[in-house]
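Colleague: Sequence plus predicted model, see below.
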Amino acid sequence: DTIHADVLTHGYDADRNTFTQSYDAPALDASLLMIPRVGFLPPTDPRVLGTITTIQTGLTEDGFVKRYQTTDSDDGLPGTEGIFLACSFWLVDALHLAGKQTQATELFERLLTLRNDVGLLSEEWDPTANRQLGNTPQAFSHFPLITSALQLHAGKGHHSHHPIHR
């Protein structure tokens, strides 16, 4: 409860209606899309919905979610990077949990078009060159693809803090 209250106080920017990458800082991070998935807040909480919208407008390129803005975060690495595909699947799940099935399905289907000729995904996508980057195949991309597919197919979301019942 103490940590939860602390994050709500210091990790949320009320002026922008979004959670942030770190306390009292404006940067965004795609991991914020996991807030409803892990049960930190309900998926339809106005702060969660605001975070989803802010990420969609401030942390995407060509509709795909960046991990974070490399210009806003000192990660110790030079230059830019591609779009981490897992992050866009996290958006699919956040949208789905928030009841925005049409948006979730459209993004999911668009992500499927990025697969290579044998149906595999790499770690990243380059939206400028329209090609896969990084390690191929990448489990970190395929696991959220499968999770999103199962949730969309079932028509309900799965929260990671609840066991899966068969």
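Modeller: Structure received.
Colleague: residues of the biggest helix by length in the chain that come out buried?
Modeller: As assigned by DSSP state H, the longest helix anywhere in the chain is helix 139-154. Using 16 or more other CB atoms under 10 Å as the test for burial, helix 139-154 gives 140-142, 144-145, 147-148, 151-152. Heads up, the C-betas are built off the backbone N, CA and C, glycines and all.
Colleague: Kindly report the same for stretch 56-74.
Modeller: Neighbour-count burial for stretch 56-74 flags 56, 59-60, 64-68, 73 (criterion: 16+ other CB under 10 Å).
Colleague: And for stretch 23-34, what's in contact with it?
Modeller: 10-11, 13, 16, 18-21, 51-52, 54-55, 58-59, 65-69, 72-73, 84, 87, 90-91, 93-94, 160 (CB atoms under 8 Å, 6 or more residues apart in numbering).
Colleague: distance between that stretch and the chain's centre?
Modeller: 11 Å (CA atoms, centre = their mean, to the nearest Å).
Colleague: got the end-to-end distance for it?
Modeller: The first and final residues of stretch 23-34 sit 17 Å from each other (CA to CA, to the nearest Å).
Colleague: Tell me where this structure is predicted with low confidence.
Modeller: The chain contains residues with pLDDT under 70 at 70-80, 158-166.
Colleague: need the helices for it, in chain order.
Modeller: Listed in chain order (using DSSP H), the helices of the chain are 2-10, 46-58, 85-97, 101-112, 139-154.
Colleague: how much distance is there from the third one to the middle of the chain?
Modeller: By that I understand helix 85-97. When C-alpha coordinates are averaged (CA atoms, centre = their mean), helix 85-97 and its chain have centres 5 Å apart.
Colleague: Please put the alpha-carbon coordinates of it into PDB.
Modeller: This file holds the C-alpha atoms of helix 85-97, laid out as PDB (Å, rounded to 0.1, in the frame of the first residue of the first chain):
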ATOM      1  CA  LEU A  85       7.700  -5.000 -31.100                       C
ATOM      2  CA  ALA A  86       6.800  -6.300 -27.700                       C
ATOM      3  CA  CYS A  87       5.800  -2.700 -26.700                       C
ATOM      4  CA  SER A  88       3.200  -2.500 -29.400                       C
ATOM      5  CA  PHE A  89       1.700  -5.800 -28.300                       C
ATOM      6  CA  TRP A  90       1.600  -4.300 -24.800                       C
ATOM      7  CA  LEU A  91      -0.500  -1.500 -26.300                       C
ATOM      8  CA  VAL A  92      -2.800  -4.100 -27.900                       C
ATOM      9  CA  ASP A  93      -3.400  -5.700 -24.500                       C
ATOM     10  CA  ALA A  94      -3.900  -2.300 -22.700                       C
ATOM     11  CA  LEU A  95      -6.400  -1.300 -25.300                       C
ATOM     12  CA  HIS A  96      -8.200  -4.600 -25.100                       C
ATOM     13  CA  LEU A  97      -8.400  -4.500 -21.300                       C
END
